[in-house]
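[1] Sharing a model that was predicted from the sequence below.
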Amino acid sequence: MAKITRSAPYGGILHEVVEHNGTLYLAGIVSEDLALDITGQSEDVMRQLEALLDANGSSLAHVLQATIFLADLSLKPGFDEVWKRRIPAEHMPARAGIGAGNLGPRVLVEMVVIAAKA
C-alpha cells in the first residue's frame, strides 16, 4: 500500500499539502493580504505556491493541473497576466478558471494545484 503523507495542518479542517506516490495535492491557496487588487493577490498566491512546492521537493515546472477560482470572471485577465509571467510557456499545466462568486470577504482568487515531485 502506498504511503500518504500529510503536512501543514490548518485550522483542524485540512492539510496544505498531501503527497501520494510522488504527486502533491495542494489545498486552496488565497492571498495573505486581502487588501490587494487581483494582480497583487495573484502574485501573493503564486509566491505561496512556489514556496510550498519548493518545500515539498517540486517546482512551478512540475505543476500538472491548476484550478483557479475567481470571485468574478472579469478578473481573469489580471490573474492571467501574473500566471504567464510566473510560469514559462513550456511548463504550462492543464488548467481551469472558474467564476466562483463569493470566495470570502475580499478574496479575489483561490487556487488548487496538483504537482509532481521533481
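    Sure thing, it's come through.

[2] and the gap between the residue nearest to residue 116 when sequence neighbours are not counted and residue 32?
    Using C-beta to C-beta, 6 or more residues apart in numbering and skipping the chain neighbours, the partner closest in space to residue 116 is residue 62 (4.6 Å). Bear in mind the C-beta positions are built from the backbone N, C-alpha and C, glycine included. Relative to residue 32, residue 62 is positioned 23 Å away (C-beta to C-beta, to the nearest Å).

[3] Show me which of these two is the more surrounded one.
    A direct count of neighbours by other C-beta atoms under 10 Å for residue 62 and residue 32 places residue 62 higher, at 18 against 11.

[4] CA atoms only: put the helix or strand bottoming out on mean pLDDT in the chain into PDB for me.
    Between all helices and strands in the chain, the lowest mean by mean pLDDT, DSSP states H and E belongs to strand 4-10, at a mean of 92. C-alpha atoms of strand 4-10 as PDB (Å, rounded to 0.1, in the frame of the first residue of the first chain):
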ATOM      1  CA  ILE A   4       0.100   9.000   2.100                       C
ATOM      2  CA  THR A   5       1.900  12.000   3.800                       C
ATOM      3  CA  ARG A   6       0.000  15.000   5.100                       C
ATOM      4  CA  SER A   7       1.700  18.200   6.100                       C
ATOM      5  CA  ALA A   8       1.000  21.700   7.300                       C
ATOM      6  CA  PRO A   9      -2.300  21.100   9.100                       C
ATOM      7  CA  TYR A  10      -4.600  24.200   9.000                       C
END
